[in-house]
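Novice: Please work out how this folds:
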Amino acid sequence: MGSLPPSSIAMNETGEDHVKQVSQQQKEIDAGALFVLKSKGSWVHCGYHLTTSIVAPPLLSLPFAFTFLGWAAGILCLVIGALVTFYSYNLLSLVLEHHAQLGRRHLRFRDMANDILGPRWGRYYVGPIQFMVCYGAVIASTLLGGQCMKAIYLLSQPNGSMKLYEFVIIFGLLMLVLAQIPSFHSLRHINLISLFLCLAYSASATAGSIHIGNSSKGPTKDYSLKGDTESRIFGIFNAIAIIATTYGNGIIPEIQATIAPPVKGKMFKGLCVCYTVLIMTFFTVSISGYWAFGNESEGLLLSNFLVDGRPLVPKWLILMTNIFTILQLSAVGVVYLQPTNEVLEGTFADPNSKEFSARNVIPRVVSRSLSVVIATTIAAMLPFFGDINSVIGAFGFMPLDFILPVIFFNLTFKPSKRSPIFWLNITIAVVFSALGVIAAVAAVRQIILDAKTYRLFANV
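Specialist: Numbers count the residues shown, from 1 in each chain. Here you go, the predicted structure:
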């Protein structure tokens, strides 16, 4: 999937000059692209951004997904998720490269939808879904960061009086500072650190699971599926939604926008970096976690390391793993803020003024701070946001990462209806459309079942 035959469209010097002029005019009037989506990075930087956006702490919920699927189906879904998303993200990259060669470089997902599907699709469907998914990821990262901070606190103060929402606010303050980093490209060093952090907490979680699984402290290993037939069926689709959300990205065009031209082939290299890390982390955590805890695996694997407040592994391991997780969550949250930042810059910034002039810095600080404050408030108010995020994942990540890429490819390159790639893409679109609908129903059902336990600012 690394390359396609070069375009047969030859552009003369006059045409190239015209494209450059149009591109420059767009750049001059588009403050979001000018200030946030700077195209200065290499394929290595792209790999860092991709890894942070995909290989994130939600991977610690994969053993929980296995409790609904069992060994065979769980590993199969994990493999299919890896293959399909790697394939889909490459298709999306090839479509972006193709339009860039024609002089229409798309920097945003909604730009692609506008050009390929029409302006209504970009404005009323792809744009809103992407913002919902990305802002939902920011809220979820803030909530999970607060929960990890609370876990560290309870480890040293088992009878402590601090509440979850207080830790969410503390994490929100960290996000408030990081949100002021001006551009996506500026995050490259943070995302390199993030890459090592995800390897670190995954290795710690795997080591902890193996330690408990080999000791007599852990639960009796039981890999049978719980519940009646109805619960099992809905559980399967709930697990599929969890896995799809874990593999989800939703910002491939924005990440490719950070690459300095020419972009050809660079995204594929970045994806290879990302998926090398992904395979090392997703499979080790899910297999070791499910092996150690079976159908007792919690929604967050680290919760299994404590039983009634008593640690099953050395305290320093739990402390270290939570610290690594908190630090990477801050990077994940900032990465998924970028589409929102781009819109805010496009709305409030003046592209004719310097990036760090008072005219642009003041609106940037105010708007980004307000965005983080709103996300933090929602996370503190709704500690059950994980259930809501499952619905967002089913409605958002499924279309953005599994369905639209294959549709964009078929509409752009128009492969023959007799070719295997055409029917492979159609099959992926149909299957994952159906799975998305069913997973959304399963997620809504879970919200209804859990609704009786919901309470604003609950200390869960």
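
Novice: For the rest of this, base every contact and every neighbour count on C-alpha atoms.
Specialist: Noted.

Novice: how about the helices in the stretch 351-460 of the chain?
Specialist: 358-381, 385-397, 404-413, 420-450 (DSSP state H, counting those that start in this stretch).

Novice: Packed most tightly, which of those would that be?
Specialist: Mean neighbour count (mean count of other CA atoms under 10 Å) peaks for helix 385-397 among those, with a mean of 23.

Novice: okay, the angle between it and helix 420-450?
Specialist: Angle, helix 385-397 to helix 420-450, by axes from the mean of the first three to the mean of the last three CA atoms, to 10 degrees: 160 degrees.

Novice: returning to that earlier point: would you turn the helices of the stretch 351-460 of the chain into CSV with distance to Val313 and mean pLDDT?
Specialist: Converted to CSV, these look like this (distance: least, CA to CA, whole Å; pLDDT from 0 to 100):
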stretch, distance to Val313, mean pLDDT
helix 358-381, 29, 93
helix 385-397, 26, 74
helix 404-413, 43, 94
helix 420-450, 30, 87
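
Novice: Can you give me the neighbour number for Phe305?
Specialist: Neighbours of Phe305 under the rule other CA atoms under 10 Å: 23.

Novice: Please look at it and Ala207 and confirm they touch.
Specialist: No. Applying CA atoms under 8 Å, one finds Phe305 not in contact with Ala207, separated by 11.2 Å.

Novice: Identify the residue spatially nearest to Ala292, adjacent ones excluded.
Specialist: The spatial neighbour of Ala292 that comes closest, neighbours along the chain excluded (CA to CA, 6 or more residues apart in numbering), is Gly213 at 4.2 Å.

Novice: which ones are touching the one you found?
Specialist: 291-293 (CA atoms under 8 Å, 6 or more residues apart in numbering).

Novice: Dump the residues you listed to CSV, plus secondary structure, pLDDT and distance to Ala358.
Specialist: CSV is the format used below for these (DSSP: H, G, I helix; E, B strand; the rest coil; pLDDT from 0 to 100; distance: CA to CA, whole Å):
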residue, secondary structure, pLDDT, distance to Ala358
Trp291, helix, 95, 56
Ala292, helix, 93, 55
Phe293, helix, 93, 55
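
Novice: Please check the residues you listed and keep the buried ones.
Specialist: 291-293 (16 or more other CA atoms under 10 Å).

Novice: pLDDT value on Tyr223, please?
Specialist: pLDDT recorded at Tyr223 is 88.

Novice: pLDDT score assigned to the nearest residue to it once chain neighbours are set aside?
Specialist: Distances taken as CA to CA, 6+ apart place Gly294 nearest to Tyr223, at 4.9 Å, with adjacent residues excluded. Per-residue pLDDT puts Gly294 at 91.

Novice: do Leu62 as well
Specialist: 93.

Novice: wait, doesn't it sit right on Ser288?
Specialist: No. Using CA under 8 Å, Leu62 is not in contact with Ser288; the gap is 10.4 Å.

Novice: Of those two, give the one with the bigger neighbour count.
Specialist: Using other CA under 10 Å as the criterion, Leu62 and Ser288 rank with Leu62 on top: 27 against 20.

Novice: name the element Gly227 belongs to?
Specialist: If you go by DSSP states H and E, Gly227 is not part of any helix or strand.

Novice: Could you do the one 3 residues further on as well?
Specialist: For Glu230, the enclosing helix or strand under DSSP H and E is helix 229-247.

Novice: cool, and Ile212?
Specialist: Going by DSSP H and E, Ile212 is part of helix 188-213.

Novice: ok, longest helix in the chain?
Specialist: helix 62-101 (DSSP state H).

Novice: Report all helices and strands that the next helix or strand after that helix contacts.
Specialist: Counting by DSSP H and E, the next helix or strand C-terminal to helix 62-101 is helix 109-116. Applying 3 or more CA pairs under 8 Å, 6 or more residues apart in numbering; DSSP states H and E, one finds that helix 109-116 makes contact with helix 119-121, helix 127-156, helix 252-257, helix 404-413.

Novice: for those, which one sits closest to His98?
Specialist: Set against His98 and scored by CA to CA, those come closest in helix 404-413, at 8.5 Å.

Novice: can you give me the angle the closest one makes with helix 420-450?
Specialist: 150 degrees.

Novice: Send me helix 404-413 as PDB with only the CA atoms.
Specialist: Presented in PDB, the C-alpha positions along helix 404-413 are these (Å, rounded to 0.1, in the frame of the first residue of the first chain):
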ATOM      1  CA  LEU A 404     -14.800   6.700   5.200                       C
ATOM      2  CA  PRO A 405     -11.200   5.800   4.200                       C
ATOM      3  CA  VAL A 406     -12.300   3.000   1.900                       C
ATOM      4  CA  ILE A 407     -15.100   5.100   0.400                       C
ATOM      5  CA  PHE A 408     -12.700   8.000  -0.200                       C
ATOM      6  CA  PHE A 409     -10.300   5.700  -1.900                       C
ATOM      7  CA  ASN A 410     -12.900   4.200  -4.200                       C
ATOM      8  CA  LEU A 411     -14.300   7.600  -5.200                       C
ATOM      9  CA  THR A 412     -10.900   9.100  -5.800                       C
ATOM     10  CA  PHE A 413      -9.100   6.300  -7.700                       C
END
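
Novice: Any idea how far that helix is from the middle of the chain?
Specialist: Mean C-alpha position of helix 404-413 versus that of the full chain (CA atoms, centre = their mean, to the nearest Å) differs by 22 Å.

Novice: Which elements pack onto that helix?
Specialist: helix 62-101, helix 109-116, helix 420-450.

Novice: List the contacts of it.
Specialist: When contacts are defined by CA under 8 Å, 6+ apart, helix 404-413 is touched by residues 88-89, 91-92, 94-95, 116, 422, 425-426, 428-429.

Novice: Please consider this matter closed, and thank you.
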